[in-house]
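Quick one, structure for this:
(3 chains)
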Amino acid sequence: MSNYPAGDRGFLGDPKAPGFLGWIFSTDHKRIGLLYFWAIVTFFCVGVLLGLLLRLELFSPGVDFMSAQTYNATFTLHGVIMIFLFIIPGIPAAFGNLIMPIQIGARDVAFPRLNLLSWWLYMIGALLAITSLFTGGGPPDTGWTFYVPFSTQTASNASLALFAVFIIGFSSILTGINFVTTIHRMRTTGMGWFRMPLFTWSLYATAWIQILATPVLAITVSLVMVERLLGIGLFNPTQGGDPVMYQHLFWIYSHPAVYIMVLPGMGVVSDIIPVFARKPAFGYKAIVVSSLAIAFAGSLVWGHHMYTSGMSDNAVLLFSFLTFVVAIPSAIKVFNWVTTLYKGSIALDPPLLYALSFVLLFSIGGLSGLVLGAASADVHVHDTHFVVGHFHYVMFGGAGFAFFAAMHYWLPKIYGRIYSKKLATIAWGFMFVGFNLLYLTMQIVGVKGMPRRYYNYLPEFTDLNRLATVGSWVLAIGLVIMFANLFHSVLRGTPVGPNPWGGASLEWQIPSPPPTDNFGENDPVVTHGPYDFKEAGIL
Amino acid sequence: MTPHLHKDYVGAKFGMWLFLFTELILFGGLFILYAVYLSRYPAAFIAAGAELDLRFGAANTLILLTSSLFVALSITALRLGKTRQSLWLLAATVASALLFLVNKFFEWSAKIQHGLYPASPELQAREIGETVYFNLYYLTTGLHGLHVLIGAVVIVWVMVFIRQQKVHRDDWVILENAGLYWHLVDLIWIFLFPLYYLVL
Amino acid sequence: MSSESSHIVPYRTFILIWIALLILTGVTISVAQIDLGPLNIWVALSIASCKSALVVAIFMHLKYEQLLFKLALLSALIILAIFIGFTFIDVLYR
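Numbering: from 1, shown residues only, chains lettered A, B, ... in the order given. Below you'll find the model as predicted:
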């Protein structure tokens, strides 16, 4: 339980694998997790910059500094980076790798070399995506959805971007296989299924979606590539194909992918709230079951992206109904989180602040999602800024804020150093205000009829767009403070002990930073649940 | 990786099965398209399906089923300690894979000589459903052929391991997993064969 | 070695399964010569399913694996069936 003598930096300074090569060829799950983490944070910052540029262009109607083509390329790039390089791998690949094996008392994941391969594939995919900007016909301009027929006809370099998506998808599949096998086979003595922390449970549900949905994306993007390169078009009406089938296949993956993005975030929040409320998680089993239910039901609702595609009315009806069904397990989680907080001894530390923002922002996103899930309302707001605001609430307010919560919660564990709580709170204040200013305004301007994906708009939308753009600046200030505070803490932060927050799950029982072999010679024996603070002797 | 480390056979096999599911769903995307287009162009699919040479398809079915048998037998042989026999059986599997591909090559060449390839003038003169059929046919069998090739390479790789004593009667999970992959290739073909050669 | 996976399937079983597979292939080819209308595709798919069940159960040893493997395969098949089925709710009624 005690920490190291000064100078020993655990897995960070493993003498058996020194230097840069020791990192990029490491099979240690914690090192791979950190490799992911830093790559993901870098891509996130690039994505944020592109988003700021988009907002800047929308400051006034007409061309400010971007042509239509540049604007198209910029939002495509923003989408591709944020979806495929940040949110999808974000929590599972970075924090899942860092924390999950420790949470179940394992030495590593089931297939450590495969894990390293996933990271390499991810980096190769990212490199290809970047290469696509500067080669061929220039940056892809299709939007991250790559809809046919435009994606098969555009002169921009969509083929390489599609190939990058294929490779990154492969990386995601391998992570999923690794996690499911790890959780099934490598739980330590006493770590029964219902003693697993909720974060691990959420990763389990997520990993199944990664395995069962991602291959559909692989075949779909391959078919678009085949049409671009060989002219064999299965979605091409002049060859008897049906473009709507592209949308089916694309969303068969991409809707479940929404849950790949948000389920791990829910897991982070489920882990954080009990610790800072000093109370066991209320309705542990309900949260577990709702994770699995979301994973399953989330695979049944892809059609709600296609209400205006010319799909049959029967399908619209069915998908609309099922969309409302998904709201049930999501609501179960929210109620359980709130009840966990009720009468708790709440410590309003930064991880909890970010986690609570998740609950609020995700709820707003979820409720506006019901507007879109109702087919009759969706027809009117389809492809407007209302949709853009909605998915930013869910993705950024949900998965993004959960990622920040995870950083504030677990980085002290990983680096053994803690940030300034005061600065973290100030950063949170900026981000929370800026976020709502930006995306709530976007939803309003969307309801008023401003379509998405145009660099230009009617003059009557000017005021609201300016407000949103100002919101984006406030948000950016918050992000800068938050990252500066965290980076500073990684290098020079105050050293902390093994358990700065008083958590009862296994990761808090080993030193910070964790040793390379996690628990040393003897595997831990688990005698209580992840939130039994009394049993763990913390309360 | 110390050799004394406990090796989790069930875990390794389970991981492989999960990977096979992803392959299944990868082909699943093409099966969805096949099903949708068959329901849209039933007559054209029957007409186009009649153009395929049943003899090629049936021969390839026999070849793959037999190669699956070889792989299955080779695992039993290895575990009984008959290493040489196991290697011969694997060699026979690789030979079957090559035979399958050669067969496929002749089949495709014959089709192309008859002007039946994507966007060919011959196909453009016919009903559009036949174009869809042949697009699907070339892409699906092409993707399957690629898997046959990958499977063969994997089996050769395992043969090298067996020769190097890295895979032996007490440590056979790599062979088992390679075998699982090969059976999947066979499984996909079990469905492709009736869907493309026997539509009526 | 772990006892759970130590079942060695005898040669005989494999060869019998192989013969069954060849017979089923013969059956599916002969049945395809008879015109059953729309039923045709279902008959062909049923026979293919029988064949794949044999391959999965014996050649791939699924019969001898833990329940977990069987449940996992079942989930994958159910998901694939849902993907196809729900797509058809659009395609059939368009």
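
Once you drop chain neighbours, what's closest to the residue in the stretch 401-539 of chain A that chain B sits nearest to?
Residue of the stretch 401-539 of chain A nearest chain B, by Cβ to the nearest Cβ: A:D523 (11.3 Å). All C-beta atoms are positioned from the backbone trio N, CA, C, and that covers glycine. With Cβ to Cβ, 6 or more residues apart in numbering or on different chains as the criterion, A:D523 has its nearest non-adjacent residue at 4.8 Å, and that residue is A:T188.

Is the longest helix seen in chain C positioned near chain A?
Counting residues, the longest helix found in chain C (DSSP state H) is helix C:67-93. Yes - Helix C:67-93 lies within reach of chain A by Cβ under 8 Å from any Cβ of the partner chain, at C:68, C:75-76, C:79, C:82-83, C:86-87, C:89-93.

In chain B, what residue comes closest to chain A?
Counting by Cβ to the nearest Cβ, chain B gets nearest chain A through B:G29, at 3.4 Å.

That residue reaches A:A213, doesn't it?
No - B:G29 lies out of contact with A:A213 (Cβ atoms under 8 Å); the separation is 10.9 Å.

okay, now the closest residue to C:L36 other than its chain neighbours: neighbour count?
Distances taken as Cβ to Cβ, 6+ apart place C:V43 nearest to C:L36, at 6.3 Å, with adjacent residues excluded. Using other Cβ atoms under 10 Å in any protein chain shown, C:V43 has 18 other residues around it.

C:V43 and C:G26: what is the separation?
Distance, C:V43 to C:G26, using Cβ to Cβ, to the nearest Å: 14 Å.

swap in C:H61?
26 Å.

What of B:G145?
On the measure of Cβ to Cβ, B:G145 and C:G26 end up 24 Å apart.

For the two, indicate the residue with more neighbours.
Ranked by neighbour count (other Cβ under 10 Å), B:G145 and C:G26 place B:G145 first, with 17 against 11.

Surely that one touches B:N103?
No - in this structure B:G145 lies outside contact range of B:N103 using Cβ under 8 Å: 10.2 Å.

buried set for the host helix or strand of B:F21?
If you go by DSSP states H and E, B:F21 is part of helix B:9-40. Buried residues in helix B:9-40, counted by 16 or more other Cβ atoms under 10 Å in any protein chain shown: B:9-38.

Check stretch C:54-62 too.
Within stretch C:54-62, the residues scored as buried using 16+ other Cβ under 10 Å are C:54-56, C:58-62.

Same check on stretch B:90-102?
B:90, B:92-94, B:96-97, B:99-101.

Report the distance from that stretch to the chain centre.
Distance, stretch centre to chain centre, for stretch B:90-102: 11 Å (Cα atoms, centre = their mean, to the nearest Å).

Show residues contacting that stretch.
Under the contact criterion Cβ atoms under 8 Å, 6 or more residues apart in numbering or on different chains, stretch B:90-102 has outside partners B:60, B:63-64, B:66-67, B:70-71, B:74, B:145, B:148-149, B:151-152, B:155-156, B:158-159, B:162, B:182.

Got the phi and psi for the closest residue to A:V275 other than its chain neighbours?
Counting by Cβ to Cβ, 6+ apart, A:V275 lies nearest to A:G503, which is 4.8 Å off, once chain neighbours are set aside. A:G503 adopts backbone torsions of phi -90, psi 160, taken as degrees, to the nearest 10.

before we move on, what about B:A50?
Here the main-chain torsion angles of B:A50 (degrees, to the nearest 10) amount to phi -70, psi -20.

how far is stretch A:408-417 from where the chain is centred?
Remark: stretch A:408-417 is offset 19 Å from the chain centroid, using Cα atoms, centre = their mean.

give the contact list for B:R126.
Here B:R126 is in contact with B:44, B:47 (Cβ under 8 Å, 6+ apart).

for the one 10 residues further on, same thing?
With contacts taken as Cβ under 8 Å, 6+ apart, B:L136 has the following neighbours: A:234, B:30, B:33-34, B:37.

need the contact list for the residue in the stretch 351-500 of chain A that chain C sits nearest to.
Residue of the stretch 351-500 of chain A nearest chain C, by Cβ to the nearest Cβ: A:A375 (13.2 Å). For A:A375, the contact set (Cβ under 8 Å, 6+ apart) comprises A:304, A:307, A:316-317, A:320.

And A:H390, by the same measure?
Contact analysis of A:H390 by Cβ under 8 Å, 6+ apart lists A:365, A:368-369, A:371-372, A:443.

and chain C, which of these reach it?
Among those, none lies close to chain C by the criterion of Cβ under 8 Å from any Cβ.

Many thanks, have a good one.
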